[in-house]
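**Q** Next come a sequence and a model predicted from it.
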Amino acid sequence: MNKIIILTGAGVSAESGLETFRSEDGLWAQHRIEDVATPEGFMRDPDLVLRFYNRRRADCAAARPNAAHQALAALEQAPGHDVLLVTQNVDDLHERAGSQNVIHMHGALNLAKCHDCGHGWPAPERMSVSDRCARCQARATRPDIVWFGEMPSQMARIEAALQQADLFVAIGTSGQVWPAAGFAQQARMCGAATLELNIEPTAVRGDFRDGRYGPAGEVVPAWVEEVLRR
Ligand code: OAD
């Protein structure tokens, strides 16, 4: 069994029309991280934070999986390959393309939770500051997104997979956010081959043995086709 661990970032959903974070006019050029992606920002102005993620949930609902999402789902379904897809994305385009073995290490737009008691439930289309938690009744409901200063999800499972991987592939991520930024080096130290697929070489290109460059909708299907032919 060929054990492949794939890390995806915003670039894999760019051709589906979803904005990335760190491009010149990306989300972090339009919004301050401290305001919309930290627990402190949520405590200060929950309405602003909920509106930011309501907008992103609506964008996600209007988007469709692209050829990159579809190729990764086909790879997972092919015999002989054990594929774990770890995504930093909070959209559900991998699942809608058919991927099943997916970890959302930065959370998911379609899940909500209570900031006070941790109770979770499927997110409504629009979350509001007047919503109450069904368990503790607090008016502190938030999207189940991992904000800066919070612990990413399922790290133990990811670490175990990195140790056993034959191949680690990063797709459409700038490699600027930890702990995901350390995965390539971790996998490499444990003996895996490493590959970066991106529209252009990133600042962390040196962490990877190989790289292929172009839009995800082109380079990902071409790479998957090659793996399936081997
Ligand atoms: P970034 O916006 O930092 O990086 C997106 C990457 O995708 C860049 O390297 C682009 O060059 C590349 N890219 C853009 N369009 C592409 C395309 N069509 N095909 C292939 N690559 C393309 O987004 P992430 O690396 O995902 O976290 O950001 C990581 C985390 O930072 C996010 O999960 C988010 C953010 O803060 C939280 O909100 C907690």
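**A** It's in.
**Q** buried stuff in the longest helix along the chain?
**A** The helix spanning the most residues in the chain, taking DSSP state H as the definition, is helix 46-62. For helix 46-62, a neighbour-count test (16 or more other Cβ atoms under 10 Å) marks Pro46, Val49, Leu50, Arg51, Phe52, Tyr53, Asn54, Arg56, Arg57, Asp59, Cys60 as buried. Heads up, the C-betas are built off the backbone N, CA and C, glycines and all.
**Q** Can you list the neighbours in contact with it?
**A** Here helix 46-62 makes contact (Cβ atoms under 8 Å, 6 or more residues apart in numbering) with 17-19, 31, 35-36, 41-42, 90-93, 109-110, 123, 125-129, 140, 142-143, 145.
**Q** buried sites along whichever helix or strand comes after that helix?
**A** Counting by DSSP states H and E, the next helix or strand C-terminal to helix 46-62 is helix 67-77. Neighbour-count burial for helix 67-77 flags Ala67, Ala68, His69, Gln70, Ala71, Leu72, Ala73, Ala74, Leu75, Glu76 (criterion: 16+ other Cβ under 10 Å).
**Q** other SSEs contacting helix 67-77?
**A** With contacts taken as 3 or more Cβ pairs under 8 Å, 6 or more residues apart in numbering; DSSP states H and E, helix 67-77 sits against strand 2-8, strand 81-87, helix 93-97, helix 216-229.
**Q** now these as a markdown table including mean pLDDT and mean neighbour count?
**A** Below are the helices and strands packed on helix 67-77 laid out as a markdown table (pLDDT from 0 to 100; neighbours: other Cβ atoms under 10 Å):
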| stretch | mean pLDDT | mean neighbour count |
| --- | --- | --- |
| strand 2-8 | 97 | 22 |
| strand 81-87 | 97 | 22 |
| helix 93-97 | 98 | 20 |
| helix 216-229 | 97 | 17 |
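**Q** before we move on, the earlier item: now the buried members of the contacts of helix 46-62.
**A** With neighbours counted by 16+ other Cβ under 10 Å, these contain buried members at 18-19, 31, 36, 41-42, 90-93, 109-110, 123, 127, 140, 142-143, 145.
**Q** In helices only, show me the residues you listed.
**A** Counting by DSSP H, the part of these found in helices is Val36, Gly41, Phe42, Leu93.
**Q** tell me which of those residues is nearest to the ligand?
**A** Val36 (8.7 Å; Cβ to the nearest ligand atom).
**Q** so what pLDDT did the closest one get?
**A** Val36 is assigned 98 on the pLDDT scale.
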